[in-house]
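Visitor: mind folding the following:
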Amino acid sequence: MTDSFKSAHYDHPIPDVSKPFDLRCPDNTDLWRIPPSTDRTDTPHIYRTIRASDFKSAKVTVSGPWTVLYDQGGLCMIIDIPNSKQNKWVKTGVEMLNGKPRVSVVATDIWSDWSLHPVVAADKVSATIEMIVEHDHLWVYLIGDDGERHPMREITWWNALPKDAELKVGVSAARPATEKGELIVHYENLVINA
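Guide: Here you go, the predicted structure:
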């Protein structure tokens, strides 16, 4: 299964993603675009390439030693559009804010929008998250320990993507802080359906 995965900004061997695995992330990394000129795209990313028209869903459980502001890890989908100078992306997972791990979603069309939800897992540091195409839109769900699906975001611009858009779907991590050392994020039960 590892053979079908590639990596970007990752200087380590791609792990066997069919089993629980870790992703090592250096500090001073981020995936974030805000006006007037911030455009960061250097997060470690392990992914499969899928055509937008074929993508159905992706799901993973993520946890980590979240200690520094904006420490993060989870699902990540980079969307490359033919003949476009800028890509789009969606990332969702756990992110540290105000001293607490939270579940975040960032949807980037031209600029990044950010939303947050409390962690619902009993351990208060992990989250099971899912991206799924429903009714021609991309939905992001947080799944509780009891299996309840909490809707986090409906991304309506999904159905305007060209069918030949290329998705890089997988997991990523980031530690935007500088001089704080490496962050190691843990993933389990990664499933990508196309």
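Visitor: and Gln86, its phi and psi?
Guide: Torsion angles at Gln86 (phi, psi; degrees, to the nearest 10) stand at phi -120, psi 140.
Visitor: quick one: low-confidence ranges for this structure?
Guide: Within the chain, the stretches with pLDDT under 70 are 1-3.
Visitor: now with 50, please.
Guide: Applying pLDDT under 50 to the chain flags no residue at all.
Visitor: stretch 81-89: which residues count as buried?
Guide: Applying a neighbour-count criterion of 16 or more other Cβ atoms under 10 Å, one finds 88-89 buried in stretch 81-89. The way it works is simple: take the backbone N, C-alpha and C, and place the C-beta from them, glycine included.
Visitor: ok, how many other residues are close to Pro118?
Guide: Other residues near Pro118 come to 11 when the count uses other Cβ atoms under 10 Å.
Visitor: and the gap between it and Arg153?
Guide: Going from Pro118 to Arg153 by Cβ to Cβ, to the nearest Å gives 15 Å.
Visitor: likewise for Asp30?
Guide: 19 Å.
Visitor: ok, those two, which is more surrounded?
Guide: More crowded of Asp30 and Arg153, by other Cβ under 10 Å: Arg153, with 21 against 17.
Visitor: any idea which element that one lies in?
Guide: strand 149-155 (DSSP states H and E).
Visitor: give the pairing partners of that strand; include direction for each.
Guide: The sheet places strand 149-155 alongside strand 137-143 (antiparallel), with pairing taken from DSSP bridges.
Visitor: okay, buried residues for the partner strand please.
Guide: Buried, per 16+ other Cβ under 10 Å, within strand 137-143: 138-143.
Visitor: nearest to Val17 among those?
Guide: Ranked by distance to Val17 (Cβ to Cβ), those are led by Ile143 at 18.9 Å.
Visitor: pretty sure that closest one is touching Arg149, no?
Guide: Yes. Taking Cβ atoms under 8 Å as the definition, Ile143 is a contact partner of Arg149 at 5.6 Å.
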